[in-house]
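> Provide a 3D model corresponding to the input given below.
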Amino acid sequence: MEHLPIISLSELAKEDLDNQEIKKLYNACYECGFFYLKDHGVSTSAIEQTIDASKNFFHLPESIKGNYGHDMQKVYPPTSRGYVPLHGEYLHEEIGFDPKEVFDLGLDKPLSDKPFTGPNILPDDTVAPGFATSHYNLQQEIITKVVPKLLRAIALALGLEATWFDQYFNDLILIHRTIYYPENGGKAGKHTDNGIFTVLIQEQLPHPSLRVHTKDSWIDVPCLENTFIINLGDMLQMWTNGLFVSTPHEVIHELSASRISIPFFIYPNIDTIIEPFGKTGKISSQEVMLKNFESIWVTHKGAGRAQELK
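Predicted coordinates:
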């Protein structure tokens, strides 16, 4: 495979008995677990404002950004929210601690004893103008315009009722991230994503930084105008008993300009028990998430199936 497939969200949402776009989705999920998503309905202005506000935040002095670090967070685990400086996150042994900066947030909720649930601590407009507002606006568009349609399309591709996943995502967990890759050497080590799927927004740049491992080789993934990247995560691979695949990927950013990317990692309700299709056994989504965060932030074994990747 030389290029990722391109799939239309508006076509996926059509209620045709013989929807060819659903068949394209099945093939993409089965063959490589990565595809471009067009016709997604998210406003260009919301995307551009969020990218600009993110850049401005990352250009602030470290002493200011550090006020939003892990040690300031109220959510458990604290590594699921807030600012991470350069060389703070460990995805794969080949690179070690990644040369990138990160800010994580989620759905803003009251303080809770449930993992990955609670309030965000974000800079206000006196510190980072437009940062919180733009991220919340974009988050709302992704959660309402993209995620429900994509979940229903995946259910149909699997031969299930369109609403099959609804019961597992009526209080979904979101890890919403903005990443700053510095010029001439920003990187994210090889890894797989851990959730159900990821909606990735890339800053439009002339040379690709994202690389994906298909069945045959590593390929570059250029930025296509007005598209998102969708990649499947380990939980969906588990749920489908390996039918749909979570695919390794990495970022090697070598341009003389910095790069912003904004991924939305979609997880089911925190108390979801996954029963893989066609086999006995049950898997706790909460335990899968916590184990992955421990592997990244505590034991430094890497993200997702990083230990399998050479």
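
> what secondary structure does the residue nearest to residue 256 when sequence neighbours are not counted sit in?
Distances taken as CB to CB, 6 or more residues apart in numbering place residue 183 nearest to residue 256, at 5.2 Å, with adjacent residues excluded. For the C-beta atoms, the positions are set from N, CA and C on the backbone; glycine is no exception. The three-state assignment at residue 183 reads coil, by DSSP: H, G, I helix; E, B strand; the rest coil.

> residues contacting residue 183?
Residue 183 is in contact with 253, 255-258, counting by CB atoms under 8 Å, 6 or more residues apart in numbering.

> Which single one of those residues is nearest to residue 271?
residue 253 (37.5 Å; CB to CB).

> That closest one: neighbour count?
By other CB atoms under 10 Å, the residues close to residue 253 number 23.

> Wait, it touches residue 261, no?
No. Residue 253 lies out of contact with residue 261 (CB atoms under 8 Å); the separation is 9.4 Å.

> what is in contact with those two at once?
By CB under 8 Å, 6+ apart, the residues touching both residue 253 and residue 261 are residue 181.

> so residue 177 makes contact with residue 100?
No. Contact criterion CB under 8 Å: residue 177 and residue 100 do not qualify, at 10.6 Å.

> neighbour count winner among those two?
Neighbours were counted for residue 177 and for residue 100 using other CB under 10 Å; residue 100 has more, 28 against 20.

> show me where pLDDT drops low in the protein?
The chain contains residues with pLDDT under 70 at 1, 306, 309-310.

> Residue 213 and residue 197: what is the separation?
Residue 213 sits 17 Å away from residue 197, taking CB to CB, to the nearest Å as the criterion.

> More neighbours: which of the two?
For residue 213 and residue 197, the more surrounded residue by other CB under 10 Å is residue 197, and the numbers stand at 25 against 17.

> right, and the helix or strand after the helix ranked longest in the chain?
Across the chain, the helix with the greatest residue count (assigned by DSSP state H) is helix 44-58. Counting by DSSP states H and E, the next helix or strand C-terminal to helix 44-58 is helix 62-65.

> contacts for that following helix?
57-58, 83, 85, 101, 123, 127.

> Show me how to select, in ChimeraX, the buried members of those residues.
Per 16 or more other CB atoms under 10 Å, the buried members of those correspond to this ChimeraX selection:
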select :57,58,83,101,123
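
> Nearest to residue 133 among the contacts of helix 62-65?
residue 123 (11.1 Å).

> Surely that closest one touches residue 54?
No. With contacts defined as CB under 8 Å, residue 123 does not count as touching residue 54, sitting 11.3 Å away.

> intersection of neighbour lists for these two?
residue 131.

> how about the helices in the chain?
9-12, 20-31, 44-58, 62-65, 131-141, 147-157, 234-239, 285-297.
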